[in-house]
Every structure is written in C-alpha cells, then in structure tokens.
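Undergrad: Build me a model from this:
(one chain, ligands or ions: 1)
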Amino acid sequence: MKAKSIKSIRKDFKDKGIFYTPEALALKIKSYVDIEPESVYDPTCGAGSLLRVFPDDVKKYGQELDGEQLRLIDLPNFTGYEGDTLEDDGFKGMVFDCIVANPPFSVKWNAEKLQEDVRFSAAPAVPPPSKADWAFILHILYHLSDEGVAVVLVFPGILYRGQREGKVRKWFVENNYIDRVVNIPGKTFEDTSIPTCIIVLKKNKRDTNILFEDGERTREVSRKELEENNYTLTPSTYLPNEIVKEVVDIDKLNKSIVDMVLKHVENTFIQIYSLKDISDDNFYLDKLITGLEEILVRYSSERTERRDNS
Ligand SMILES: C[S@@+](CC[C@H](N)C(=O)[O-])C[C@H]1O[C@@H](n2cnc3c(N)ncnc32)[C@H](O)[C@@H]1O
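TA: Below is the predicted model:
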C-alpha cells in the first residue's frame, strides 16, 4: 500500500474533526520558550507537530487520547503515552522545563470525579464540567518546573468568562503564574480561522506585571489594573484599537450648510418661476417669499439682540 503524505493525513484528520497545529503556529509557540530546554512535554500532542519544531537532541514527551495520531509520531527521543491526560496522567510525578500545548477548546471533562485530584484541587474552584480549558492549564502548571516555561494556545473565551473560570483565572494572576498573553487574530495561520490567544506561564516571575501583546504592540499591565478589570486577560482590554477621531472643522461645516441652503432656496425660486410661466399663478411664489420674510424677520431681530448683548 502506498504511504500517505503528511498533507493527506492532515486532510483525513480534518475530515474527522481532528485539528493539528500548523508548523508556523508551532514555531510561533516555540518563540516564547526563552530557555534552552533539555526536554519538552505536550499533554495533548496529537501527531506531534508542536514537539517536532524542537531540536532532535531535546527529549520529547507527549500524551494523546487518539492512538492513531500518536502512532504517527516518528520523532527521535520521543516517549508517548496513549490515554486521557485529565483522567489518566501518563507522566505522573514528572516535571518539565518546557511544556507546549494546543489543547482542545472547551470540551467536556469529568470535573466531579477529578475535583480531589491534586492537579485541580490547588485552585479555589474546579473548572466547569462543560469546559476543560482551565483544567488542561492546571494540569500543565502542575507539571511545570519552578524555572520552566509553558506556552499554551487557548480559546479567547477563557480569558474573560466569569464564574468558576473567573475564579481560576484570578488565582492564576494572584499567584503570579501568567507571564504574557498574546493575541492571535483569526486566519493568521493555515487551518486556524478563529481568533486564539497564547498564554505563557512561569513560576519564577520577578514582578507581578503581565505583558500583553497584539501584533507589534505590547504593554506591561500592573496587578492593580488587572484587578480593576476583574482579572480579565483579554489583550484588547489593555491594548484597545486606536479610535480614529475625525477632526471636524466647524467653520467649514457651517459654510457648506449655508451654501447648500442658499442654493436650495435659489433652485426653489427657479422651479416656481418655471411653473409661473406655465400657469401664471403667483400662489407658490407669494407663499415662498412670505415664508422667507417671516424667517428673516425672526432671526434678524435675534441677531440684533445678540449683538446688543455682546
Ligand atoms: C488541537 S489538537 C493538538 C494537535 C497537536 N498539537 C498536533 O499538532 O498534532 C488537540 C489534541 O488533543 C487531543 N485530546 C483531546 N482531549 C484530550 C485528552 N483529554 N487527553 C489527551 N489528548 C486529548 C485530541 O485528540 C487532539 O489530537
């Protein structure tokens, strides 16, 4: 049987609803790894695209629910584990200097069964059963070494949603685990049409600021400002798009209104005169002139009063 190309494997996966991490995105994620790790771990490694961008001599560890994808990984120095990362942690007790992940977005998980698990009981709330996003991040935090760095691609909703997710997020901020949040607009990478964000986690931060990044723009935000914004981590809260203010020239605007009105009045006279030629009737002409005279009288006296008062 003819071996399948990576492209056709990806297409098969896509057709089945399995999403891989494109290489350019994997490289972007790796660009936030500011250490030279000896090992790297991906808890939802799929077919290994995120691990593949690290040099061959770096030890690679990955867990994946779907054995079919895991068996495609042919990387040197790779140790894989098939199973549900949240329910059955294949690397229990290990810590890593570098963790990279693109976990599934907002999937269901067994929060009730796992609420006593040491990985999830550390935070003041257990992430909701309908959305495992913060559960994956808590799992990652648990496996991160004190000097390490974790880079996770996340669904933007987890950065502002409230209730249990809000409590977990606040705990992450208060414990100073969040180093940076990066906005990734939709369609930036092949096969990633929706907007996403990258969260960088560290346990050894020297200050309590969080760096927000959106394209070329970056801004360090203090804990106080984060607190004032209810611990929202959405980059646009701190890096709003500049509002382009149109400068209105009032003199120019008034002049064009006056010109327009005068032109309109003149055109009305022209129209009425042309009617008069046909009907020889002064009715509309008289009505227009009388109406204009009334307006002129009213505003002329107003103008005189204003002049007298100034
Ligand atoms: C967005 S993909 C990541 C793809 C991977 N980075 C790659 O490029 O191939 C998310 C992966 O998480 C896996 N997954 C979902 N739930 C999981 C779980 N509870 N435990 C382990 N893996 C899981 C999915 O099977 C899928 O392969």
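Undergrad: Which residues are in contact with residue 78?
TA: 48, 51, 60, 61, 62 (C-beta atoms under 8 Å, 6 or more residues apart in numbering). For the C-beta atoms, the positions are set from N, CA and C on the backbone; glycine is no exception.
Undergrad: Which secondary structure state does residue 201 sit in?
TA: Following DSSP: H, G, I helix; E, B strand; the rest coil, we place residue 201 in the strand state.
Undergrad: ok, for it, nearest residue in space, not its chain neighbours?
TA: residue 150 (4.2 Å; C-beta to C-beta, 6 or more residues apart in numbering).
Undergrad: tell me, which of the contacts of residue 78 make contact with the ligand?
TA: Among those, no residue is within reach of the ligand (C-beta under 6 Å from any ligand atom).
Undergrad: I'd guess residue 213 is in a strand, am I close?
TA: Yes - under three-state DSSP, residue 213 falls within a strand.
Undergrad: from memory it sits against residue 183, does it?
TA: Yes - the pair residue 213 / residue 183 is scored as a contact, 6.9 Å apart, by C-beta atoms under 8 Å.
Undergrad: Name the residues contacting each of those two.
TA: In contact with both residue 213 and residue 183: 235, 239, using C-beta under 8 Å, 6+ apart.
Undergrad: what's across from the residue in the stretch 201-310 of the chain that the ligand sits nearest to in the sheet?
TA: The ligand sits closest to residue 201 of the stretch 201-310 of the chain, with a gap of 17.1 Å, by C-beta to the nearest ligand atom. In this entry, residue 201 is beta-bridged to residue 150, residue 178, by DSSP bridges.
Undergrad: That one: how many residues sit nearby?
TA: 20 (other C-beta atoms under 10 Å).
Undergrad: Ramachandran angles for residue 154?
TA: phi -130, psi 160 (degrees, to the nearest 10).
Undergrad: For it, name its beta-bridge partners.
TA: residue 197.
Undergrad: Verify the contact between it and residue 199 for me.
TA: Yes - using C-beta under 8 Å, residue 154 is in contact with residue 199, at 5.5 Å.
Undergrad: list residues touching both of these two?
TA: Listed as contacting both residue 154 and residue 199 by C-beta under 8 Å, 6+ apart are residue 137.
Undergrad: OK, contacts around residue 125?
TA: So residue 125 contacts 164, 167, 168, 171 (C-beta under 8 Å, 6+ apart).
Undergrad: What about the last one, how many residues nearby?
TA: Here the count is done by other C-beta under 10 Å, and residue 171 has 17 residues near it.
Undergrad: Likewise for the second one?
TA: Taking other C-beta under 10 Å as the criterion, the count of residues near residue 167 is 17.
Undergrad: Quote the end-to-end distance of stretch 52-61.
TA: Length of stretch 52-61, first residue to last, C-alpha to C-alpha, to the nearest Å: 11 Å.
Undergrad: Just the pLDDT for residue 84.
TA: You'll see residue 84 listed with a pLDDT of 98.
Undergrad: Cross-check the contact I'm expecting between it and residue 65.
TA: Yes - here residue 84 reaches residue 65: they are 5.6 Å apart, a contact under C-beta under 8 Å.
Undergrad: Alright, that wraps it up for me.
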